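*Asks:* this one's sequence-less:
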């Protein structure tokens, strides 16, 4: 097994080329269950919306030309030949000199081509006085004005939120074809790692990674399958990862990947099948020991055990793969520009990611200040950070007040 | 029943005062099921994280003072008295002139107060040569350095994402106390409204509101209960809303609220119990017919039937109530500043909300351009909009290039 660090860009390219991540398949779900799912095909309107010319006002359906010349002190008189209700077919036909009562949303009767607002009309028995002329199509929403039959209204890869689901309902849709949700097996290893809920003996720490990675999977559009914590024993880990490979479309582990004879994950990844290990360390900080294998095309990501490193490597390498498998388009706009709150030094020759907190200074400028990491094992670093700044390999330092791009972690909520 | 329009601000105030929305109760869920739930209490750390002083490097645990004066060409020799493994208790005590092998993450042995990196040491049989002095606490992460026992790590109202769940796991948490998810009953009415999936007869349109409002409920932190489409018949609607009142913590309807004898929802809302209708129209555009009742303290929101009006009124009036019932803190930061792409005219005397699309112009300025609404019934207006601009009642118009605040609809994703 080789131990040659790839550059960060080489690592991204290797992942793209090895796995060519793409949607795993499609399924049909009920419209009400389609929230947060991804459309697996363009949606064409099979009907016009609205399906008929409808009045947008309460008033009188008329032939526009019959109102020409009507004014406040010179009203036109039309004969009321009936009333058009909402939601019901009408047999009424408007002839010259005639009008029909109509309400908002009701279909226009045959012959009429405009609506006089009730405020501009005065009823007297079987006639109505019209005090204002209307133009053709005035106060009418034409059939197909909102959505035209045949029009592509939603496209493949669209994440379905409340507005998209509303449009699908308007077209009469009850079932939607969406991409399958990728299944992602998650496990942790490390001789010091204990499952939460158990007693913590001396020298041990509780597992955080399986939990934060599982929720990271959810947030990427995948479904996590939690396998548990395993001792760093070759055969137990082989068995666990094999279980992951049968149950899931992708396996993510954390721990056991640092350089050293005791670090078992590279051996595990090298033993599961062809082509095996494709990345064995990346020139980046944090996340250097990240190891990636392909087992018959299924990706296995062995991330570092340090919580910050694990979550960052997940975000940079694993999340894009899950998103592509889920059929999601990569979201733009989770980046903001800010000024460096202090000088930031990258690790020499490594792509460096600095966790930062965003604040506004007195002149309302957005300032990015590195979160003190305490030590590389700190769990709270990421929790305190609003995002990270990426520093290229050849940069000596980022000076205070220099403009930086912050990749924001949490752009919460939608609606 | 009165028909006096409230101002927009009065309407907000009435809702706050009538319902005093607050969390509905608490429950305990498994940590892995707590994603997107809201913490119902502050979380204090019951342990230190890490729980012991741990090495942050591979190397040798030493007494720092034994290395003072060590240099590249004047190494200090220490006696290696053992090795400290990761994840296991150690009986080793480091005395003067002694060192112990140690790996990253392993607990510091008794007596040692620093770690010499393996790169600065050279082993020879039972001794190790140290080529660089270390200071006290160097390469050690002290117990509690990440999280101190007794410290409040997460606060009531915190939405649980991957990072928060990671912190909870680090503390050994398996169950989390979260607020109950508010149940929201959703129904539609209107003589022209047909449930998707049924055949559309002439003059009818498909229901969109129940679907988009249901997903809006999800996105606000509630659980929608879909009741269906009902004809605008007093007794059927009374029965439906009563069903909603028994099944849910809040009822949202759309349709049947315009002024007019045929609009039945105000009558329904006035007939269900005390105190009854508290808002009967709001001086706003769109959303004017919005009607709100309190039935023994349970809110019933009757929103307009027009899709854009319904979703906007939902967002402005209903969503904040659901969020408070869910225990969520209101999210800040879903607003951006932009320049008006064209002149915007508010409706006279009404708080006006203009749907806009955001684009960057040639000089990279963010520009907000109104989405042509076609007509008030347009379903695609909201789908095309990125957000809305709020214009106060006393403003004549917003001029082109004037700065406006855009309330952004979709801030997608988290992670």
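*Replies:* All right, it came through fine. Model, not experiment: these values are computed from the prediction.
*Asks:* my read: residue A:161 touches residue B:219, true?
*Replies:* Yes: with contact defined as C-beta atoms under 8 Å, residue A:161 reaches residue B:219; the gap is 7.0 Å. (Each C-beta comes from the backbone N, C-alpha and C, glycine too.)
*Asks:* longest helix in chain A, by residue count?
*Replies:* Across chain A, the longest stretch assigned as helix under DSSP state H is helix A:234-247.
*Asks:* just checking, what packs against that one?
*Replies:* Here helix A:234-247 touches strand A:183-189, strand A:223-230, strand A:250-254, helix A:265-270, strand A:298-303, going by 3 or more C-beta pairs under 8 Å, 6 or more residues apart in numbering or on different chains; DSSP states H and E.
*Asks:* wasn't residue A:381 part of a helix?
*Replies:* Yes: assessed by DSSP: H, G, I helix; E, B strand; the rest coil, residue A:381 belongs to a helix.
*Asks:* make sure it is actually in contact with residue A:310.
*Replies:* No: the pair residue A:381 / residue A:310 is not scored as a contact, 11.7 Å apart, by C-beta under 8 Å.
*Asks:* who's more crowded, the two?
*Replies:* For the pair residue A:381 and residue A:310, the greater number of neighbours falls to residue A:310 (31 against 25), based on other C-beta atoms under 10 Å in any protein chain shown.
*Asks:* tell me the bridge partners for residue A:77.
*Replies:* For residue A:77, the beta-bridge partners under DSSP bridges are residue A:129.
*Asks:* quick check: phi and psi at the spatially most central residue of chain A.
*Replies:* Against the mean C-alpha coordinate of chain A, by C-alpha atoms, centre = their mean, the closest residue is residue A:159 at 5.5 Å. The phi and psi torsions at residue A:159 (degrees, to the nearest 10) take the values phi -80, psi 130.
*Asks:* burial count for the nearest residue to it once chain neighbours are set aside?
*Replies:* Leaving aside its sequence neighbours, residue A:159 sits nearest to residue A:38 (C-beta to C-beta, 6 or more residues apart in numbering or on different chains; 5.7 Å). Residue A:38: 22 surrounding residues under other C-beta under 10 Å.
*Asks:* likewise for residue A:242?
*Replies:* Using other C-beta under 10 Å, residue A:242 has 16 neighbouring residues.
*Asks:* give me the neighbour count for the nearest residue to it once chain neighbours are set aside.
*Replies:* Take residue A:242 and drop its neighbours on the chain: the residue closest to it by C-beta to C-beta, 6+ apart is residue A:272, 6.8 Å away. Residue A:272 has 19 neighbouring residues, counting by other C-beta under 10 Å.
*Asks:* got a list of what residue A:272 touches?
*Replies:* A:238, A:241-242, A:245, A:293, A:295, A:300 (C-beta atoms under 8 Å, 6 or more residues apart in numbering or on different chains).
*Asks:* got the residues you listed as JSON lines, with pLDDT and distance to residue A:50 columns?
*Replies:* Below are the contacts of residue A:272 laid out as JSON lines (pLDDT from 0 to 100; distance: C-beta to C-beta, whole Å):
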{"residue": "A:238", "pLDDT": "97", "distance to residue A:50": "61"}
{"residue": "A:241", "pLDDT": "97", "distance to residue A:50": "56"}
{"residue": "A:242", "pLDDT": "97", "distance to residue A:50": "57"}
{"residue": "A:245", "pLDDT": "98", "distance to residue A:50": "52"}
{"residue": "A:293", "pLDDT": "97", "distance to residue A:50": "55"}
{"residue": "A:295", "pLDDT": "97", "distance to residue A:50": "54"}
{"residue": "A:300", "pLDDT": "98", "distance to residue A:50": "52"}
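*Asks:* returning to what we had before: assess the claim that the residue nearest to residue A:159 and residue A:180 are in contact.
*Replies:* No: using C-beta under 8 Å, residue A:38 is not in contact with residue A:180; the gap is 9.6 Å.
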